[in-house]
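Asks: turn this into a model:
(one chain, ligands or ions: 1)
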Amino acid sequence: MNASLSPYLLGLACTECGRELDATAPRGLCPACARPLAARYDLAAVRAKTARAEVAARRRGVWGLREVLPLGLDEAPISLGEGTTPLLPLPDVARRHGLGAVFVKEEGGNPTGSFKARGLSLAVTMARACGATDVALPTAGNAGVALAAYAAAGGLAAHVFVPADCPPSFVVAARALGADVVLVPGFITDAGRKLREVAPATWFDLSTLREPWRVEGKKTMGYELAFDLAFTLPDAILYPTGGGTGLVGMAKAFDEMEALGWIEPGRRPRMICVQVEGCAPIARAFHDGADEATPWEAPTTAAAGIRVPAAVGDRWMLRILRATGGTAVIVPEAAMLAGTLALSRAAGVLASPEGGAVWAAFERLAEGGGFAPGERVVLFDTGSGLAYGAALEAALSSVR
Ligand SMILES: *Cc1c(COP(=O)(O)O)cnc(C)c1O
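Replies: Numbering: from 1, shown residues only. Model (predicted):
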């Protein structure tokens with residue numbers, strides 16, 4: 001047994017072919033089918049030792065969920081206070097649409113201003129536990145700032161590959177935190193290709209779903225929803241989908257909680273994927289009835305975090321949308337911008353454009369009979385609007 005790994009961690013399994021692997025050398029995708037690997041735990045052992053109320057009462061953020069995370073129980077994580085974000089009720093909005101409740105899960109208060117902190121606290125911690133000195137990823141913005149912060153806190157070197165037209169505030173923030181930032185012409189997929197081309201073998205590649213631990217950080221959002229709703233789950237969750245880590249992570253959390261006996265078996269929130277008209281590969285595949293997505297040509301949207309033309313977790317996401325009776329909504333860019341202001345003003349949060357897309361999708365579904373009366377709906381605002389000055393200015397000048 002490796003002391004840096006949790007005794008509850010059984011290993012990894014491929015999300016497509018089911019192939020099982022040892023968790024001690026998790027580098028990259030499934031060696032058999034090149035799809036994402038996911039962590040497996042001995043949940044029966046956790047269940048025998050741990051009461052849900054005890055875990056819920058800790059409220060210590062991501063790392064308060066120690067029993068379902070991969071790190072050895074006596075090891076110190078690299079933590080900056082990520083997680084335990086507020087679930088804000090919007091009673092007027094619920095009333096207006098005849099819903100039981102509408103909540104915003106506000107992720108902008110995380111370290112570095114987005115929920116990327118959850119995943120990168122895990123991934124950088126695990127990389128360091130496996131001996132890494134250098135960590136790297138391609139990003140449209142927020143993940144690079146989070147990587148830079150956790151690498152700085154953990155004494156590692158960070159290498160961030162961004163599309164050349166990434167919002168400059170992200171580049172400045174990552175550099176201020178000490179990261180080496182490389183601007184690459186093209187999209188996040190091109191930045192990823194560049195990284196894999198130039199990275200020495202010693203660097204740990206923390207690209208979305210190309211290692212198993214960022215999902216383990218993002219799944220904590222699913223646990224927090226259950227904690228905040230007294231172990232009932234909402235009827236629907238609207239999620240701005242890029243690489244899909246949070247979407248698959250929450251679905252994984254619900255499966256784990258069912259195995260732990262923490263939630264009612266068999267009931268799941270409808271998972272609703274929100275994308276923008278300028279980049280909607282998963283939503284297009286969903287509506288085409290396809291099992292996997294074809295890459296989006298020339299993705300354009302100011303919602304940088306969901307400007308992801310191709311995702312290695314596409315099959316995994318599409319399975320979850322269908323298994324939960326969910327759907328996928330494509331929002332026009334102008335509606336996303338207007339939604340950013342509307343969500344900000346409805347909730348009193350400075351919403352991200354990604355959150356604005358979710359707001360626009362919610363309004364469209366609510367007006368089109370997408371929810372049954374009395375249902376409870378959770379909207380994700382995945383980051384702070386602070387880093388998106390240009391998008392907010394565009395929103396202000398288009399909506400008076
Ligand atoms: C990265 C990002 C997303 C997309 O997250 P995934 O889990 O990779 O789909 C959404 N919103 C913001 C603000 C982001 O930074």
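
Asks: only C-alpha atoms from now on, for both contacts and neighbour counts.
Replies: Will do.

Asks: flag every residue of the stretch 51-200 of the chain that's near the ligand.
Replies: If contacts are counted using C-alpha under 6 Å from any ligand atom, the residues of the stretch 51-200 of the chain sitting beside the ligand are S114, N142.

Asks: show me where the stretch 51-200 of the chain has its strands.
Replies: According to DSSP state E, counting those that start in this stretch, the stretch 51-200 of the chain carries its strands in the segments 87-89, 101-106, 134-138, 157-163, 180-184.

Asks: please apply the same query to the stretch 251-400 of the chain.
Replies: Secondary structure of the stretch 251-400 of the chain, counting by DSSP E, counting those that start in this stretch: strands at 270-276, 327-331, 376-381.

Asks: make a markdown table out of those strands and add mean neighbour count, mean pLDDT and distance to L9.
Replies: What follows is these, written out as a markdown table (neighbours: other C-alpha atoms under 10 Å; pLDDT from 0 to 100; distance: least, C-alpha to C-alpha, whole Å):
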| stretch | mean neighbour count | mean pLDDT | distance to L9 |
| --- | --- | --- | --- |
| strand 270-276 | 27 | 98 | 27 |
| strand 327-331 | 24 | 98 | 32 |
| strand 376-381 | 24 | 98 | 29 |
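
Asks: nearest to the ligand, out of those?
Replies: Between the ligand and those, the tightest spacing by C-alpha to the nearest ligand atom is seen for strand 376-381, at 7.3 Å.

Asks: if we can go back for a sec, distance to V248 added to the strands of the stretch 251-400 of the chain, as JSON lines?
Replies: What follows is those, written out as JSON lines (distance: least, C-alpha to C-alpha, whole Å):
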{"stretch": "strand 270-276", "distance to V248": "9"}
{"stretch": "strand 327-331", "distance to V248": "14"}
{"stretch": "strand 376-381", "distance to V248": "14"}
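
Asks: where does the stretch 251-400 of the chain have low pLDDT?
Replies: Per-residue confidence for the stretch 251-400 of the chain (pLDDT under 70) gives these ranges: 400.

Asks: give me the residue from the stretch 51-200 of the chain nearest the ligand.
Replies: Counting by C-alpha to the nearest ligand atom, the stretch 51-200 of the chain gets nearest to the ligand through N142 (4.6 Å).

Asks: tell me how many other residues crowd C33.
Replies: Applying other C-alpha atoms under 10 Å, we find 13 residues neighbouring C33.

Asks: what's the answer for A101, then?
Replies: A count of neighbours around A101, defined by other C-alpha under 10 Å, yields 20.

Asks: for the closest residue to it other than its chain neighbours, list the residues it contacts.
Replies: Spatial nearest neighbour of A101, excluding adjacent residues (C-alpha to C-alpha, 6 or more residues apart in numbering): R376 at 4.6 Å. Listed by C-alpha atoms under 8 Å, 6 or more residues apart in numbering, the contact partners of R376 are L99, G100, A101, V102, F103, P234, D235, A236.

Asks: list the buried residues for stretch 274-293?
Replies: Of all the residues in stretch 274-293, those buried under the rule 16 or more other C-alpha atoms under 10 Å are 274-286, 292-293.

Asks: return the member of those residues nearest to F161.
Replies: C279 (20.0 Å; C-alpha to C-alpha).

Asks: close enough to count as contact, that closest one and T301?
Replies: Yes. Contact status for C279 versus T301: in contact at 7.0 Å, counting by C-alpha atoms under 8 Å.

Asks: joint contacts of the two?
Replies: Taking C-alpha under 8 Å, 6+ apart as the contact criterion, the residues that touch both C279 and T301 are R307.

Asks: distance-wise, check the closest residue to Y223 other than its chain neighbours relative to A335.
Replies: By the measure of C-alpha to C-alpha, 6+ apart, the closest residue to Y223 outside its immediate chain neighbours is A253, 6.2 Å from it. With the distance defined as C-alpha to C-alpha, to the nearest Å, A253 ends up 31 Å from A335.

Asks: who has more neighbours, those two?
Replies: For A253 versus A335, neighbours defined as other C-alpha under 10 Å are more numerous around A253 (22 against 19).

Asks: OK, contacts around that one?
Replies: By C-alpha under 8 Å, 6+ apart, the residues touching A253 are K219, T220, G222, Y223.

Asks: run a quick neighbour tally on the residue lying closest to the first one once chain neighbours are set aside.
Replies: It stands for K219. Leaving aside its chain neighbours, K219 sits nearest to G249 (4.0 Å; criterion: C-alpha to C-alpha, 6+ apart). Residues contacting G249 under the criterion other C-alpha under 10 Å number 24.

Asks: G249 reaches E216, doesn't it?
Replies: Yes. Under the criterion of C-alpha under 8 Å, G249 is in contact with E216, at a separation of 6.7 Å.
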